[in-house]
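# only geometry, no sequence info:
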């Protein structure tokens with residue numbers, strides 16, 4: 001599947017690159033339906049497709065100066081739409097993994113901590129995570145998404161030893177924070193998950 005170019009495309013792109021909002025609106029009108037159909041064919045959700053299409057065109061507007069360098073806008077838009085949609089799918093999958101990871105911990109915690117609701121527990125972990133230094137926070141969040149040490153190392157462009165060190169420091173900080181609110185059993189469950 002591909003997208004089709006529209007009449008006066010080069011002229012329109014030059015105007016958009018110069019910051020002409022009317023030209024951008026015209027570009028959006030000319031391509032929006034094609035992009036929406038293409039994204040829907042990949043993702044299968046009308047609502048999500050609309051959000052993705054808007055994000056794609058926002059990205060185009062933000063990088064409008066680059067439009068002058070593009071030879072075939074329809075091909076550029078096709079690749080951009082495909083990549084953005086696939087990234088969105090990956091993000092959804094990561095969020096689902098994260099939710100699964102949290103849910104693997106939460107049931108054991110709920111058995112021992114009936115006074116702490118699942119949402120409160122997740123909020124507690126999130127607060128502890130947000131307080132971490134940036135690199136520890138990135139490592140910890142990626143680990144919670146289910147990534148292995150070597151995958152985290154590749155993504156962050158650091159060594160596996162660094163990932164391990166940041167993970168240990170992050171876990172220690174989160175544990176200290178959570179210790180004030182949860183039983184030792186809940187901490188043990190969390191540490192057991194992180195060390196898998």
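Looks like it came in fine. Not measured: the values here are computed from a predicted model.

# low-confidence ranges in the protein?
Across the chain, residues meeting the criterion (pLDDT under 70) sit at 1-7, 99-121, 178-196.

# in it, which spans are strands?
For the chain, applying DSSP state E gives no strands.

# center of it, which residue is that?
Central residue of the chain (CA atoms, centre = their mean): residue 91, 4.2 Å from the mean position.

# From residue 98, how far off is it?
10 Å (CB to CB, to the nearest Å). Quick note: C-beta positions are derived from backbone N, CA and C, even for glycine.

# Then residue 54?
25 Å.

# Please apply the same query to residue 139.
Counting by CB to CB, the gap from residue 139 to residue 98 is 14 Å.

# Between these two, which is the more surrounded one?
It is residue 139, of residue 139 and residue 98, that has more neighbours when counted by other CB atoms under 10 Å, with 28 against 16.

# That one and residue 163 touch, don't they?
Yes. Counting by CB atoms under 8 Å, residue 139 does reach residue 163; the two are 5.6 Å apart.

# hey, what's in contact with both of these two?
Residues touching both residue 139 and residue 163 (CB atoms under 8 Å, 6 or more residues apart in numbering): 152, 156.

# buried stuff in stretch 73-83?
The neighbour-count check on stretch 73-83 (16 or more other CB atoms under 10 Å) flags 73, 74, 76, 77, 78, 80, 81 as buried.

# just stretch 125-144 next, same as before
Here stretch 125-144 shows 125, 128-129, 132, 135-144 as buried, counting by 16+ other CB under 10 Å.

# do the same with stretch 31-42
Neighbour-count burial for stretch 31-42 flags 31, 34, 35, 36, 38, 39, 40, 42 (criterion: 16+ other CB under 10 Å).

# Then stretch 39-54?
For stretch 39-54, by 16+ other CB under 10 Å, it's 39, 40, 42, 43, 48, 49, 52, 53.

# What is the most widely separated pair among those residues?
Greatest spacing in the buried residues of stretch 39-54, by CB to CB: 42 and 53 (11.9 Å).

# now the buried residues of stretch 31-42 as TSV including distance to residue 13?
TSV is the format used below for the buried residues of stretch 31-42 (distance: CB to CB, whole Å):
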residue	distance to residue 13
31	11
34	16
35	15
36	20
38	19
39	21
40	25
42	25
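
# Between all of those, which two are at the greatest distance?
Across those (CB to CB), the longest gap, 16.3 Å, separates 31 and 42.

# Any figure for the gap between the residue nearest to the centre of the chain and residue 48?
The value you get for residue 91 to residue 48, if CB to CB is used, is 11 Å.
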